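Novice: What follows is a protein structure lacking sequence information:
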């Protein structure tokens, strides 16, 4: 039932469907009602302020996926590297900027988790 939201977000942002699903698996284990200790919400664990800046309600699953995908697109446009964009999605762009683009252990672990799941899903359509 979540597939249409992921397909739409992938088409909207140019990301592979498998990559967005991998991010959602790592972020929320595909739980639409997930809420982090820092108040990130939904499938792609989007902060309410980020959703508001994109004019999307992060509490609605389809809009949460779209908000997460659009935010990740902004990060990829900013850093021009998938690993840095993914790390910034997880630890925040401020942390990536302060480290001059050098991934710390948490960022590296997150990127590897997403990349491993993305690779495993790459053959799925």
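Specialist: Happy to help now that I have it. As the structure is a prediction and not an experimental result, all values here were calculated from the model.
Novice: Could you use CA atoms for every contact and neighbour count after this?
Specialist: OK.
Novice: what distance separates the lengthiest helix in the chain from the centre of its chain?
Specialist: For the chain, the helix that runs over the most residues, judged by DSSP state H, is helix 61-79. Between the centre of helix 61-79 and the centre of its chain there are 6 Å (C-alpha atoms, centre = their mean, to the nearest Å).
Novice: Show the average pLDDT along that helix.
Specialist: Helix 61-79 shows a mean pLDDT of 98.
Novice: quick one: buried residues of the helix or strand just after it?
Specialist: As assigned by DSSP states H and E, the chain's next helix or strand after helix 61-79 is helix 82-91. Going by neighbour count (16 or more other C-alpha atoms under 10 Å), the buried part of helix 82-91 is 82-90.
Novice: so what does helix 82-91 touch, helix or strand wise?
Specialist: Other helices and strands packing on helix 82-91, by 3 or more C-alpha pairs under 8 Å, 6 or more residues apart in numbering; DSSP states H and E, are helix 61-79, helix 93-98, helix 105-121.
Novice: Mean neighbour count, the ones you listed: which tops it?
Specialist: Among the helices and strands packed on helix 82-91, helix 61-79 has the highest mean neighbour count (mean count of other C-alpha atoms under 10 Å), at a mean of 21.
Novice: can you list contacts of that one?
Specialist: For helix 61-79, contacts defined as C-alpha atoms under 8 Å, 6 or more residues apart in numbering pick out 2, 5-6, 8-10, 13, 15, 20, 32, 41-46, 50-51, 54, 56-58, 82, 84-86, 88-89, 93.
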